[in-house]
Structure formats: C-alpha cells, structure tokens
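take a look and give me a structure for this.
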Amino acid sequence: MSGLGGGSLCERADHAERTREADAHPRTGVELPPGFFELVDDLKAIVTQASVRAQLKVNTEMIKMYWEIGRTILDRTEREKWGSKVLERAATELRTAFPNQRGFSRSNLKYMQQMARLWPEPIGQQAVGQLPWGHITLLMGRCKTRPELDFYAQQAVQQGWSRVMLDHWIDAQLHPRLLRHRRRRPGPGRGARRSDPRDPHRQEPRQGDDRVRPAEQQRTARREHLCRAAAPCAGADAQRRGSVPHRRRHPRRRWGGGGAAG
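Residues are numbered from 1 along each chain as shown. Below you'll find the predicted structure:
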C-alpha cells in the first residue's frame, strides 16, 4: 500500500510540474483570433492610466496634507508668538509618531509654512496643487512674487515639465520675457507706429489694399502730375517731326507673285 501510495504522490507531483511548465511556456501552435494583441494593448493602457491616476491622487492628497500642516503651524505661531524652536520640536514629534513616513523634517515643515503663506486659498483648487513636492519647493526658493509662482506652476502642469526643465525656464527668465513682449505689443485701441520711409522693415501696401499710406498717395499724385505736364510737350514735338506719338506706320506689303508693272 505504501508503494502504491508513494507512486501516486510522485505521479501527482510530475503532473503538477508539467502543468506549471505549460502555464509558463504556452504552446505556440495555438491559433489566436484576430485583434487579440490589440485587446492586450488596450488592457495594458487601462492599467497604466489607472496607475498614473492613482499616483496623481496620492500626490494631490499629500500636497493637501502639507498645506494643512503649514496652515496650522502658521496660524498657531502667529497667534501664540512662538519661535523657531517650536518648529524643530514639532518635526521631532512627527517623525517619532510616524517613523515610516518621510517629509517631516524641520526644513520641510518650514516649506509647508511658506506654502500656506504664499497660497492662503485651498491648495487643491490651484495648479500648484497638482505638482510634485520637489517642484513646489523649487518654485518657492526661486520665485519672488505670486504672479510669477502661478505662471510657472501653470506652465509646468500644462507642459508636463520635469523639475530640471522647470529650473531651466526659471533661469531663462521666461516670465519676465513674456511680460516685456506683451508690453511692446500695441493693444486693440492703440494706434499703429508711424512708419519711417527709411525703415528697411517697412512694407509697401499690397495690390488692392485700401489702407494706402499718405506718403504713397503723395508719390502717386506727383507721378500723375508729371505725366500730365509732359503730355503737351510730347505732342508738340511729334507734330514738328511730322509723326503721331505712340503710333508707328508700316508700309503695306503686297503678297503674291506680282512684280514690277510692265
């Protein structure tokens, strides 16, 4: 009995091993229906998008938590007139209470307090609330005004900038350059700049364009006046020469075989 029992156990073990190998290496001879791999690609895209949404939601909730911590610290320290040592002790207590959670250093708590001061409105309703914490600390360390902060935060969200790209565009002074460009551009109610005839970038009016410049009108009128003044002189010269202006006479040619008259 023991021998039979032992043999059945071995057979079961062999069968399980063959099943695992078959699952790990599916047979290539199985014919798959058309569109199967498109289905697999769609399923992968669903999983990837859900993972991205989950990460974004986790990040947004973390930024909200940081803003609430900063708001609470800011209110209490301003009301109780507490010094910087209270912030250091609060960081120690938070790290002790949550040893597996990062982000409760003294410098981070200071950044949270600064974030609550710069954005007193709820952070989740603004573009900066969709950025990672590293982007936000970079913005607070590099930008000076609220419009500049909001501009770079909105651009980072819309363009999908990394932290390195955000740092690059702040170095390139993208925001001041755009402001200068908008100031130079004339508004809808402002008049156009007067054109200088010596300006190499000056463009002549197109054919059929009704917006003719005064200088062009003066040149056209002067050319017409000169043409009218020169017309009588040209007619008198033509009469003295015995010819009609703008008309040329050609001798009549005779076609055929006719020669001199006999």
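
report the contact partners of the residue lying closest to residue 67 once chain neighbours are set aside.
Excluding its sequence neighbours, the residue lying closest to residue 67 (Cβ to Cβ, 6 or more residues apart in numbering) is residue 123, at 4.0 Å. Any C-beta I mention is one placed from the backbone N, CA and C, and that applies to glycine too. Shown in contact with residue 123 (Cβ atoms under 8 Å, 6 or more residues apart in numbering): 63, 64, 67, 115, 129.

if we only consider these, which is nearest to residue 87?
Distances from residue 87 to those, taken as Cβ to Cβ, are shortest for residue 115 (14.2 Å).

follow-up on the earlier one: which pLDDT does the model give the residue nearest to residue 67?
Residue 123 carries a pLDDT value of 90.

ok so, going back, so which of the contacts of residue 123 sit within helices?
Those of the contacts of residue 123 mapping onto helices are 63, 64, 67, 115, per DSSP state H.

and those residues as CSV, adding pLDDT?
Formatted as CSV, the ones in helices among the contacts of residue 123 follow (pLDDT from 0 to 100):
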residue, pLDDT
63, 95
64, 95
67, 96
115, 95
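
narrow those to those that are buried.
Buried subset of the ones in helices among the contacts of residue 123 (neighbour count, 16 or more other Cβ atoms under 10 Å): 63, 67, 115.

lowest-pLDDT helix or strand in this structure?
helix 2-24 (a mean of 55; mean pLDDT, DSSP states H and E).

count the neighbours of the residue nearest to residue 106 when sequence neighbours are not counted for me.
The shortest distance from residue 106 to any non-neighbouring residue, by Cβ to Cβ, 6+ apart, is to residue 91 (4.4 Å). Neighbour count for residue 91, taken as other Cβ atoms under 10 Å: 17.

quick one: pLDDT of residue 91?
For residue 91, the model assigns a pLDDT of 93.

swap in residue 86?
At residue 86, pLDDT is 88.
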